[in-house]
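Participant: Quick one, structure for this:
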Amino acid sequence: MTVPVSVLHCPLLMMTNPACVYIVDDDLAVLDALAVLVKSVNLNVLLFSSADQFLKNYDKSQPGCLITDVYLPGMDGLALQERLIEMGSQLPVIVMSGHGDIPLAVNMIRKGALDFIEKPFSNHRMLERIQQALSLDEQRRAKASKSDLSQQYYATLTPREKEVLEYLIDGLPNKVIATKMSVSPRTIETHRANILRKMDSDSVVSLTQQIAHFRPDSR
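Facilitator: Just a heads-up that it's a prediction; the model follows:
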């Protein structure tokens, strides 16, 4: 059975883009119980009866977390999680499982799900995990935002400045860089000052951290 998507306690969802708890389960009683629970702590909630229905309505730009049953009609919880990974989504996932679904739930944990909670679940534990998931999503989005900004700054550097930057994050002093590039140390100092200004950074250490935001293999 498929029910239409329900939006509860989200009158300003499209305007303010607040965090929202997505819940996917084909058991209407579970959906209703979780909706009441989430609303009780003034959180926004979206309800779906299938993974396909959720994916049709999911917006990666929407902060939040996902609570999904393991066993669903059509696409199951594991396939849904794998689809989100393919989409590049970092949406935190909380898994709900019946006793017979535990092996599948464990597989989802191995693939990055935050936790799995057996039915019938403890309201206290569920709310605790929801808060952890929303906090994790906020952290991930903040990190992604820093990465995007750093990439924008990096794109303003000239090819020569990018070359100097590589030497700087490798820890080479100005004189050594000047020798490698066959220019004067003063020229390297000028490039260094321009790089720090364009990257909105105050040191080579912070430069290295900025680059690592979008290029994890950087030293």
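Participant: Flag the shaky bits of this structure, pLDDT-wise.
Facilitator: Filtered on pLDDT under 70, the chain yields the residue ranges 1-17, 213, 215-219.
Participant: Show me the longest helix that occurs in it.
Facilitator: As assigned by DSSP state H, the longest helix anywhere in the chain is helix 123-155.
Participant: Next up, the contacts around the closest residue to Asp69 other than its chain neighbours.
Facilitator: Closest residue to Asp69 apart from its sequence neighbours, by Cβ to Cβ, 6 or more residues apart in numbering: Asp25 at 4.3 Å. C-beta here means a position set from N, CA and C on the backbone, and glycine is covered the same way. By Cβ atoms under 8 Å, 6 or more residues apart in numbering, Asp25 lies in contact with Leu31, Leu34, Ser49, Ile67, Thr68, Asp69, Leu72, Met96.
Participant: ok and the helix or strand harbouring the last one relative to helix 123-155, angle-wise?
Facilitator: Going back to what we said before, that points to Met96. Secondary structure assignment for Met96, by DSSP states H and E: strand 93-97. Interaxial angle, strand 93-97 versus helix 123-155 (axes from the mean of the first three to the mean of the last three Cα atoms, to 10 degrees): 150 degrees.
Participant: so what does strand 93-97 touch, helix or strand wise?
Facilitator: Counting contacts by 3 or more Cβ pairs under 8 Å, 6 or more residues apart in numbering; DSSP states H and E, strand 93-97 packs against strand 64-69, helix 77-86, helix 102-110, strand 115-118, helix 123-155.
Participant: among those, which is the most enclosed?
Facilitator: strand 64-69 (a mean of 25; mean count of other Cβ atoms under 10 Å).
Participant: List the pairing partners of it within its sheet, with orientation.
Facilitator: strand 20-24 (parallel), strand 93-97 (parallel) (DSSP bridges).
Participant: Noted, bye for now.
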